[in-house]
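Q: Test case, fold it:
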Amino acid sequence: MSVSAIGGVSVAAAVCSETMRPSTGFSVLPGAAKAESAGGVSGISVDCLLLLQEVDPPEQRNRRARRHAESMLEQLAALQRALLRGEPDAAALAGLAALAQSVPAAVDPGLRDAVAGVTVRAFVELARHGALGA
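A: This next block holds a predicted model:
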């Protein structure tokens, strides 16, 4: 089995190419214990698996940032609805504070600016309601 460069996996492929061995196929040893067969993956080093897990494609980072911004917008809308009812919504403020503290970075510059704008708006609302210290 050989690893070829697929998007951001080229680094892992270069590092792991020497440790990968061609496989002759899948086989199950009769009478093998489950623990032995689970650990019996040959030809792939732990370092290669860890490198493959660290690969974070730009599309995935953008998707995560967009979803996070959408969640902040939902919390802002919930806060707005509560304020229009005349009831302060502590849960919406707490959720908004948690989301605003850990905003993932987007790769796309336009998306990055939009997420930054939503984050600034979230911090403004948190400051208006005295929830920044939380």
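Q: can you pull out the helices in this structure?
A: Listed in chain order, the helices of the chain (DSSP state H) span residues 10-16, 34-38, 46-54, 58-85, 90-101, 109-128.
Q: Deepest in the core, which of those is it.
A: Highest mean neighbour count among those (mean count of other CB atoms under 10 Å): helix 90-101, with a mean of 18. Where you see a C-beta, it was placed from the backbone N, CA and C, and this is true even at glycine.
Q: Break this structure into its domains for me.
A: Domains of the chain are assigned by automatic domain parsing as 7-54, 58-128.
Q: Quickly, which of those bottoms out on average pLDDT?
A: For those, mean pLDDT drops lowest on domain 7-54, to a mean of 56.
Q: Quick one: neighbours of Ser45, just the number.
A: Residues contacting Ser45 under the criterion other CB atoms under 10 Å number 13.
Q: So the residue nearest to Leu111 when sequence neighbours are not counted versus Asp47, what's the distance?
A: Leaving aside its sequence neighbours, Leu111 sits nearest to Asn62 (CB to CB, 6 or more residues apart in numbering; 5.6 Å). Applying CB to CB, to the nearest Å, the value for Asn62 to Asp47 is 28 Å.
Q: Surely Asp108 and Arg66 touch.
A: No: contact status for Asp108 versus Arg66: not in contact, 9.1 Å apart, counting by CB atoms under 8 Å.
Q: what does stretch 126-134 contact?
A: Under the criterion CB atoms under 8 Å, 6 or more residues apart in numbering, residues 79, 88, 93-94, 96-97, 100, 123 lie in contact with stretch 126-134.
Q: rerun that using 6 Å as the cut-off
A: The contact list for stretch 126-134 (CB atoms under 6 Å, 6 or more residues apart in numbering) reads 93, 97.
Q: can you dump the C-alpha coordinates of it into PDB?
A: Output in PDB follows, covering the C-alpha atoms of stretch 126-134 (Å, rounded to 0.1, in the frame of the first residue of the first chain):
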ATOM      1  CA  LEU A 126     -21.800  40.900  26.100                       C
ATOM      2  CA  ALA A 127     -20.300  44.300  27.200                       C
ATOM      3  CA  ARG A 128     -23.700  46.000  27.000                       C
ATOM      4  CA  HIS A 129     -25.200  43.400  29.400                       C
ATOM      5  CA  GLY A 130     -22.100  43.200  31.700                       C
ATOM      6  CA  ALA A 131     -21.400  39.500  30.800                       C
ATOM      7  CA  LEU A 132     -17.800  39.900  29.600                       C
ATOM      8  CA  GLY A 133     -16.300  38.900  33.000                       C
ATOM      9  CA  ALA A 134     -18.000  35.400  32.700                       C
END
